[in-house]
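>>> Here is my input, please return the structure:
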Amino acid sequence: MKVLVLNAGYEPLQTVSVPHAIRMLVRHVAEIHEAEEGLAYGLFPRPKIVRLLRYVVMKWRYTQPPRWSRRGVLVRDGHRCAYCGQRATTIDHVTPLSRGGARTDWLNTVAACGGTARSCNARKADKLPGEAGMKLRFTPYVPAWDQLHRPGA
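The predicted model follows:
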């Protein structure tokens, strides 16, 4: 389970593990903003959201886009396949790596269903979507920082 960390001004910063959040509480760096009813972690109620006591300047967050990650692509696409809309478990390169597509580019990767021979990722293989008779349900984009750090993400 992840805990959302809010800046002192209530803007989302990141998600951390429960033990990490408890260490922040012990060090008096953060306070519990929202906790789970009836659950405790030692002496503390189990936090869902913590808020920093001092404001942290995050200039870097506004000058550069988030770094590409597999988890980020899945979160950006809502864990839904970009081709069929089913639950996505993997990522697909729109322009395959064998055709010169970028490996870690937000604009060349989408969430895709995978794991079986009938999955969209297997059907598309090393073809372009048009060659495989498939169409993207949306255009890939570079997500904003806060989109990747929502409580449910």
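>>> pLDDT below threshold where in this protein?
Counting by pLDDT under 70, the ranges of the chain that qualify are 60-62, 150-153.
>>> how is it carved up into domains?
2-62, 65-153 (automatic domain parsing).
>>> Would you convert the ones you listed into CSV that also reports mean neighbour count?
C-beta here means a position set from N, CA and C on the backbone, and glycine is covered the same way. Putting those into CSV (neighbours: other Cβ atoms under 10 Å) gives the following:
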stretch, mean neighbour count
domain 2-62, 15
domain 65-153, 16
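>>> Tell me which stretches of the protein form helices.
Listed in chain order, the helices of the chain (DSSP state H) span 18-26, 59-63, 70-76, 120-124, 145-148.
>>> Go through these and name the closest to residue 97.
Using Cβ to Cβ as the measure, helix 120-124 is the one of the helices of the chain that comes nearest residue 97, at 12.7 Å.
>>> Now do the phi/psi pair for the residue sitting furthest away from the middle of the chain.
Within the chain, the residue lying farthest from the chain centre (Cα atoms, centre = their mean) is residue 43, at 30.4 Å. Residue 43 has phi and psi values of phi -80, psi -10 when expressed as degrees, to the nearest 10.
>>> separation between it and residue 51?
As judged by Cβ to Cβ, to the nearest Å, residue 43 and residue 51 stand 19 Å apart.
>>> How about residue 100?
In terms of Cβ to Cβ, residue 100 sits 46 Å off from residue 51.
>>> Who are the contact partners of residue 120?
81, 83-84, 86, 92, 112-114, 134 (Cβ atoms under 8 Å, 6 or more residues apart in numbering).
>>> Which residue comes closest to it once chain neighbours are left out?
residue 83 (4.1 Å; Cβ to Cβ, 6 or more residues apart in numbering).
>>> Please consider this matter closed, and thank you.
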